[in-house]
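1. Fold the following, please.
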Amino acid sequence: MVESDRLDEIVQAWRDAENPVVFTGAGMSTASGLPDFRSARGLWKQQPESLATLTAMRKEPDEFYFFYQWRIARLWEVQPNDGHKRLVELERQGRVKTIITQNVDALHQRAGSQSVIELHGTLRTVSCVHCHARFESRQLLPKGEAWEAEYRAGLYRHGEECCCPKCGKMLRPDVVLFGESLPQDSWMKAVEWSRRSDFFVVIGSSLVVGPANLCPLWAAEGGGRLLIINAAPTPLDDKAAWIVREPASDVLKRIAEKMVP
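-> Next up is the predicted model:
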């Protein structure tokens, strides 16, 4: 557990910051029980990197749609955790100006955070590739309950739920697929906030996925003090003023409690 004196130092630096920014990755959602699809890789016949592409959607639709149906189904089963809620408290106090997230689960918004920049899109909605109509992502889920068992048995076939109710063309998740660029508007906002930040908090990110991992680097190079809360080492640890190897929700709880005037 991070020592009390060290925690006091972090809290004071956070209090003194004019533009504190939070950057979150998959580790932010671990306490919500949201499974990492990579840890269940054996469920699919291919690697996620080859499934999460427009090419796979067109050429191997059964694999593509099951991959995203499984992830969407898990997403709607979980709730924001205490860490998400603590960030909401800090935002209301003016201690978080914005959250830049690599996550596509929208748990920050569901918890109540108002300023969230989603670098990789969201799994909360799906869109038609033809008419661009947007729907809640549960639209993509099969109506029955046996589809996961059917997949394991080699019997799964994607159905009409994968077609747009308006024009009949294919639906796709509103996430950044491999080979696609980040949403330009979100990326430019993230760049601006990162370079402006004087206190930058990384939570639950390995910082190995680019170009998102440039955000904390730019903050540090611009003079921002970097706090990294992550279970494992990251490539930017040498630039951090503080490194905490504890569960995000536990650390944020202690920080939020000390932050109260």
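2. and residue 257, how many neighbours does it have?
-> A count of neighbours around residue 257, defined by other CB atoms under 10 Å, yields 12. For glycine as for every other residue, the C-beta is placed from the backbone atoms N, C-alpha and C.
3. That one and residue 113: what is the separation?
-> To residue 113, residue 257 is 19 Å away according to CB to CB, to the nearest Å.
4. tell me the mean pLDDT for the longest helix along the chain?
-> Counting residues, the longest helix found in the chain (DSSP state H) is helix 61-75. Helix 61-75 shows a mean pLDDT of 94.
5. Pull up the gap between residue 257 and residue 11, please.
-> From residue 257 to residue 11 the distance is 9 Å (CB to CB).
6. my bad, should have said residue 118
-> 28 Å.
7. Neighbour count: these two, which is higher?
-> The neighbour count for residue 118 versus residue 11, taken as other CB under 10 Å, is higher for residue 118 (24 against 17).
8. burial of residue 161, as a residue count?
-> 17.
9. pLDDT score for it?
-> Looking at residue 161, its pLDDT is 97.
10. Same check on residue 43?
-> Note on residue 43: pLDDT of 54.
11. quick one: the strands in this structure?
-> Ranges of strands in the chain, per DSSP state E, are 20-24, 98-101, 116-118, 121-128, 134-136, 171-175, 199-203, 225-229, 242-244.
12. between those, which one is nearest to residue 34?
-> Between residue 34 and the strands of the chain, the tightest spacing by CB to CB is seen for strand 121-128, at 10.4 Å.
13. Give the rounded mean pLDDT of the closest one.
-> Rounded mean pLDDT across strand 121-128 is 97.
14. pull the CA atoms of that strand into CSV?
-> Taking C-alpha atoms only, strand 121-128 is exported to CSV below (Å, rounded to 0.1, in the frame of the first residue of the first chain):
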residue,chain,number,x,y,z
GLY,A,121,-14.9,4.7,-29.9
THR,A,122,-17.6,2.9,-28.0
LEU,A,123,-19.3,-0.5,-27.8
ARG,A,124,-22.5,1.2,-26.5
THR,A,125,-23.7,1.8,-30.1
VAL,A,126,-23.5,0.2,-33.5
SER,A,127,-24.0,1.9,-36.9
CYS,A,128,-25.0,0.9,-40.4
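15. Pull up the pairing partners for that strand, direction included.
-> Within its sheet, strand 121-128 is paired with strand 134-136 (antiparallel), strand 171-175 (antiparallel), according to DSSP bridges.
16. From these, pick the one with the highest average neighbour count.
-> Mean neighbour count (mean count of other CB atoms under 10 Å) peaks for strand 171-175 among the strands paired with strand 121-128, with a mean of 21.
17. Which residues does it contact?
-> The contact list for strand 171-175 (CB atoms under 8 Å, 6 or more residues apart in numbering) reads 52, 54, 57, 68, 72, 104, 120-129, 134-135, 137, 139-140, 162-164.
18. try it again with 7 Å
-> 57, 68, 104, 120-123, 125-129, 137, 139-140, 162-164 (CB atoms under 7 Å, 6 or more residues apart in numbering).
19. and what of stretch 254-261?
-> 7, 8, 10, 11, 14, 15, 86, 89, 90, 93, 95.
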